[in-house]
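Chemist: Just to be clear, the model below is a prediction. Sequence and coordinates:
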2 protein chains.
Amino acid sequence: MATGRTHRPATRSRGIPEATVARLPLYLRALTALSERSVPTVSSEELAAAAGVNSAKLRKDFSYLGSYGTRGVGYDVEYLVYQISRELGLTQDWPVVIVGIGNLGAALANYGGFASRGFRVAALIDADPAMAGKPVAGIPVQHSDDLEKIIQDNGVSIGVIATPAGAAQAVCDRLVAAGVTSILNFAPTVLTVPDGVDVRKVDLSIELQILAFHEQRKAGEEAHTDGTGPAAAVTREGADDSAPSADKGPDGDVPAVMPA
Amino acid sequence: MATGRTHRPATRSRGIPEATVARLPLYLRALTALSERSVPTVSSEELAAAAGVNSAKLRKDFSYLGSYGTRGVGYDVEYLVYQISRELGLTQDWPVVIVGIGNLGAALANYGGFASRGFRVAALIDADPAMAGKPVAGIPVQHSDDLEKIIQDNGVSIGVIATPAGAAQAVCDRLVAAGVTSILNFAPTVLTVPDGVDVRKVDLSIELQILAFHEQRKAGEEAHTDGTGPAAAVTREGADDSAPSADKGPDGDVPAVMPA
DNA sequence: TTCTGTGAAATGGTTCACAGCA
DNA sequence: TGCTGTGAACCATTTCACAGAA
C-alpha cells in the first residue's frame, strides 16, 4: 500500500515541531519546581539548565508557542506554566485506563506522576478473574470482559498497555474499537493501529540495548586515551527518540531467546 | 546546503547514526522471532514490516553495518541476528544493578526482557533496611550502604535507577563514582553526570503528556470525519506531522483559551 | 545593558530512485 | 529478474549569531 503518499504541504499551520512537543513536559516540570519555590521569573539560561537542554534550543522551542518572555528580563514562571499546560492539553482532565495489572501495571497504578498532572487513573483492567475486585493503588481491578463498557462509561481516550507481549495486540484492537485513540505501550511488540490512532512505546529492553552499544564502544575506545579526557563522550540526557509508529506486524509473541 | 561539502568520511564504521542504533534492537527482535520460526531469509520489505519501519530506512540502516544481504534474495536471518547482536554488544554479558526496589524496581527485576538478551540482574539495591535480605524475583535485596562494593565486585557498568525523584541524583553520583558509565533513569528528574557517562531516561509522565498533546489536537480537529472516507487524519508514521491548526498573526498573541 | 526572539547556516535523518550484483 | 546498496534530494532539528525590546 501507500505507493508514495501525496505529499501536500497543505496549510502553513502553526505546527509545533514534534521534537519541541517532546520537550515541553520537561520545561513544565522544571517550571513547576520553580513555581513551588515561588520564583517569579527565569531566564532562558537558567530554565534550560534545569531542564537539561541548551538555552538556544529552549528559546527556539518557546518561539513556536508565542512570545511569552520579556527581553532583558526572562519568563514569568506562572504564566509560562499555564501556557505550556494549555498547549499540552493539561488544563483538562484525561481519564486513562491501565490494562494488565501485573508487576508493571501495579507500579504504574501507584506511580504518582500520573495523577499529578491532568491524568486520572479511571480504571485498572486485567484478564485474570482472580484479580477482579482486588484493589491496587486503592482502585479495584476490573475484568477485561467489561473493557468496552469501562472505556465508554468513563470517556477514556488514552489507554496504557502493560500486558505480556502476546496479549498486547488483541488488547490494543479492543481499546481502539471501543474508542481509545492514544496508546502508551509497554509490551515489547510492534502494535498495528488504524489511521488516527497514536501509539507511543516504552521498551526497557531496547533502552538497555542502546546503552550496551555505547558501553561497548567506550570499552573499545579506552585503549589509546591518555588521562586528558575521553575523546568522544556521548553524554546525552535530554535527547530522545521514541518515534511512534505503526504498520504491519505479523509479529505476535516475543518469547525472546538469547542468541549465542 | 549548496556549500555543503563538509562531508566527513571520518572514521568509517565508527559513525553509526544514533537513530540507526535506536532501531537495531527493533530489527533484532523481529529477526529473533523469525529465527524461532526457522525462517531462513527475509527481504528488506518483510523485515521492515515486522519491525514497523519502511524498507528504505531498513536498508539504509543495514548499510551502515556492512553489506550483509544478498541481492535478489534478501538477508540470512541467523547471520543478521549475529551481526546485529555483535554490533550492539550483546554477545557479551552485561551485569546490571537496579537501585530502588519499590513497585517499579520490583517490576523491572521481574521483567523477563532483561535476562533474555545479554543482560543479567547482578544485584538489587534499596535504601530501606527492612528490605535487605528479602528476595525479589529470586534475588535478595541488598542495602545501599554496600552499593560501591556491589558495583565493583560484580564489574557492573550499567545501572538502573528506579528510586523516587529526590534520591535519584545522589544515587547517580554514587553509581558513577563507583564506576558505572551507563545509566537508565526511571526517576522523573534531570540527572547531571560527568562526560563519558551515558544517561537514558524513561519517563511515563512525559510520554502521557505527549499523547495528551496529540489527543487534544485530534479533539479540535474532528469536524468532518464521521468514520468514513480517507479524510486527512492525524495519522502518524514515523515522524509525519502536519495537522492544520489555528494560525496566529505575526508577533501577535496566541488564540483564545479553551476552558473545559 | 541584558536577555529574548528569530532568520540563516549547519547538522542529522529520511526518502527517492536507480545502478548493479546474484 | 528481484532485491540490495547507496548517492542525492528532501525534510527536520539544532546551533549560530545578532537585531531589537525592556
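Modeler: Received it, and whenever you're ready, just let me know what you need.

Chemist: Can you give me the domain assignment for chain A?
Modeler: A:18-88, A:94-201 (automatic domain parsing).

Chemist: So for the longest one, mean pLDDT?
Modeler: Put plainly, it is domain A:94-201. Averaging pLDDT along domain A:94-201 gives 96.

Chemist: How far does stretch A:172-186 sit from its chain's centre?
Modeler: Distance of stretch A:172-186 from its chain centroid, counting by Cα atoms, centre = their mean, to the nearest Å, is 15 Å.

Chemist: Is any residue of it near chain B?
Modeler: Yes: Stretch A:172-186 comes into contact with chain B (Cβ under 8 Å from any Cβ of the partner chain), by way of A:181-184. C-betas here are computed from N, CA, C, even on glycine.

Chemist: my read: A:P129 touches A:Q142, true?
Modeler: No: assessed by Cβ atoms under 8 Å, A:P129 is found out of contact with A:Q142, at 10.9 Å.

Chemist: So which bits of chain A are right by DNA strand D?
Modeler: A:7, A:17-20, A:54, A:56-57, A:59-60, A:70-73, A:239 (Cβ under 7 Å from any atom of the strand).

Chemist: Kindly indicate which of the residues you listed lies nearest DNA strand C.
Modeler: Minimum distance to DNA strand C across those is 2.8 Å, recorded for A:G72 (Cβ to the nearest atom of the strand).

Chemist: and A:A48, backbone torsions?
Modeler: Torsion angles at A:A48 (phi, psi; degrees, to the nearest 10) stand at phi -60, psi -40.

Chemist: shouldn't it be in contact with A:L58?
Modeler: Yes: in terms of Cβ under 8 Å, A:A48 counts as a neighbour of A:L58; the distance is 4.3 Å.

Chemist: rewinding a little: would you mind putting the domains of chain A into TSV with distance to B:G89 and mean neighbour count alongside?
Modeler: Listed next are the domains of chain A as TSV, based on distance: least, Cβ to Cβ, whole Å; neighbours: other Cβ atoms under 10 Å in any protein chain shown:
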stretch	distance to B:G89	mean neighbour count
domain A:18-88	26	17
domain A:94-201	19	20
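
Chemist: Turn these into CSV, including distance to B:P40.
Modeler: Output for the domains of chain A, formatted as CSV (distance: least, Cβ to Cβ, whole Å):
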stretch, distance to B:P40
domain A:18-88, 38
domain A:94-201, 22
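
Chemist: tell me which residues form a beta bridge with the residue nearest the centre of chain A?
Modeler: Closest residue to the average C-alpha location of chain A: A:R200 at 6.4 Å, with Cα atoms, centre = their mean. Bridge pairing for A:R200 (DSSP bridges) gives the partners A:L184.

Chemist: ok, it to DNA strand D distance?
Modeler: Separation of A:R200 from DNA strand D (Cβ to the nearest atom of the strand, to the nearest Å): 14 Å.

Chemist: what does A:R117 give?
Modeler: 23 Å.

Chemist: dump the residue contacts of that residue.
Modeler: Counting by Cβ atoms under 8 Å, 6 or more residues apart in numbering or on different chains, A:R117 makes contact with A:28, A:90, B:205, B:209.

Chemist: switch the cut-off to 6 Å
Modeler: A:L90 (Cβ atoms under 6 Å, 6 or more residues apart in numbering or on different chains).

Chemist: Can you list phi and psi of it for me?
Modeler: Here is the backbone geometry of A:R117 (degrees, to the nearest 10): phi -140, psi 70.

Chemist: what does A:A167 give?
Modeler: phi -100, psi -10.

Chemist: ok, which stretches of the stretch 101-250 of chain A are strands?
Modeler: Per DSSP state E, counting those that start in this stretch, the stretch 101-250 of chain A carries strands over the ranges A:119-126, A:135-136, A:139-143, A:158-161, A:182-185, A:198-201.

Chemist: which residues touch the residue lying closest to A:P164 once chain neighbours are set aside?
Modeler: Of all residues not flanking A:P164 in the chain, A:A187 sits nearest, at 6.7 Å (Cβ to Cβ, 6 or more residues apart in numbering or on different chains). Listed by Cβ under 6 Å, 6+ apart, the contact set of A:A187 reads A:161, A:163, A:165, A:168.

Chemist: A:D203 too?
Modeler: Residues in contact with A:D203 (Cβ under 6 Å, 6+ apart) are A:P188.

Chemist: That'll do, ta.
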